[in-house]
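Engineer: Let me see the structure of the following:
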Amino acid sequence: MLYLADHVDRAVNKGTGILGQAKAVVEGVSQLAGKEFSPDIVQCFRELTAEESFWIYFASPRIYPILSGMGRWPRVALDLRAMEEIAKIFCRIVDFRSRFTSTHTAGVAAVARELARRMYFSGMECQLMLVAGYLHDLGKVAVPNAILNKPGKLDPDEFDVIRAHAYHTYHILSTIGGFEEIAIWAAFHHERLDGKGYPFHVKGEDIPLGSRIMCVADVFTAVTENRPYRKGTGRNETLPILQNMARSGALDDNVVGVLTENYDEIDRMRSDVQEISASEYSDFVSQMAGAGRSLSRI
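Structural biologist: Numbers count the residues shown, from 1 in each chain. Coordinates of the predicted model:
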């Protein structure tokens, strides 16, 4: 079923009217019945697509609410540990797409949780902060690999694509029941207290403390972590960057103050977590290379 659905999605030209294409798409699928697709599934597909409404739904930019209203979906309750493990999987999906940021999310999540702990968040809130950290860049799944892995400077159009990732993070997470706070903590990591951030331009008290912590964790991790093209900054370089951003209205001065007071412990923890993540990334690359060699022999 998924194979057929993927085929249909690729067969449709998104730039032209959907109803005019429907007949040709159905005929193309029908010709592959018994070859690439199960005849029973093709017959079901033909019955569903006889209604114009199917194709209008298919092409709708609001497809998620349409799907949500089509049936009674089961509610699955997850404990915090299970939620953390699932979030970690998505963290790896996002980070392992690019060698430039292969350990970034793990570092942000660890720093955000530690900052929350030192700012007297409850134990449960600290775990939720860790989950939000793992998911803060989830919207990058909408960014093409060519942009994520571009070795040079991004042009304005490419940077606009990157800037949209926080919007996608919010709209992915906000559709999950019970993730409302996590969605805001995660997605507002490029907002600024002065309202000059993106993509929502929220400011001041409209940015919750969890999001302010995530902002600081994101900047701190980005400048201190090693990247393939440059070495991370040390204490004497990092603190002026954060303090200047606090003075300019970008970051919360109190959160920066907590990080400053506990810099060595937090930086050591970030480094340790990212070393583990780097090792996992190396194993992943080796496994993918091995899989490629195996496939080349078939």
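Engineer: Leu128 is in contact with Ile182, isn't it?
Structural biologist: Yes - taking C-beta atoms under 8 Å as the definition, Leu128 is a contact partner of Ile182 at 5.9 Å. Backbone N, C-alpha and C define where each C-beta goes, glycine included.
Engineer: What's the local residue count around Gln127?
Structural biologist: Taking other C-beta atoms under 10 Å as the neighbour definition, Gln127 ends up with a count of 18.
Engineer: Just say helix, strand or coil for it.
Structural biologist: helix (DSSP: H, G, I helix; E, B strand; the rest coil).
Engineer: The residue lying closest to it once chain neighbours are set aside and Ile182, how far apart?
Structural biologist: Leaving out its chain neighbours, the residue that sits closest to Gln127 by C-beta to C-beta, 6 or more residues apart in numbering is Leu80, at 4.7 Å. To Ile182, Leu80 is 11 Å away according to C-beta to C-beta, to the nearest Å.
Engineer: Who has more neighbours out of these two?
Structural biologist: The residue with more neighbours, out of Leu80 and Ile182 and counting by other C-beta under 10 Å, is Ile182; that gives 23 against 14.
Engineer: The helix or strand hosting the more buried one - contacts with which helices or strands?
Structural biologist: Following DSSP states H and E, one finds Ile182 within helix 180-187. Helices and strands touching helix 180-187, by 3 or more C-beta pairs under 8 Å, 6 or more residues apart in numbering; DSSP states H and E, are helix 123-135, helix 165-173, helix 209-224.
Engineer: Which one of those lies nearest to Gly28?
Structural biologist: helix 165-173 (30.9 Å; C-beta to C-beta).
Engineer: what's that closest one packed up against?
Structural biologist: On a contact count with 3+ C-beta pairs under 8 Å, 6+ apart, helix 165-173 meets helix 180-187.
Engineer: could you check the angle helix 209-224 makes with the helix it packs on?
Structural biologist: When axes from the mean of the first three to the mean of the last three C-alpha atoms, to 10 degrees is applied, the directions of helix 180-187 and helix 209-224 differ by 30 degrees.
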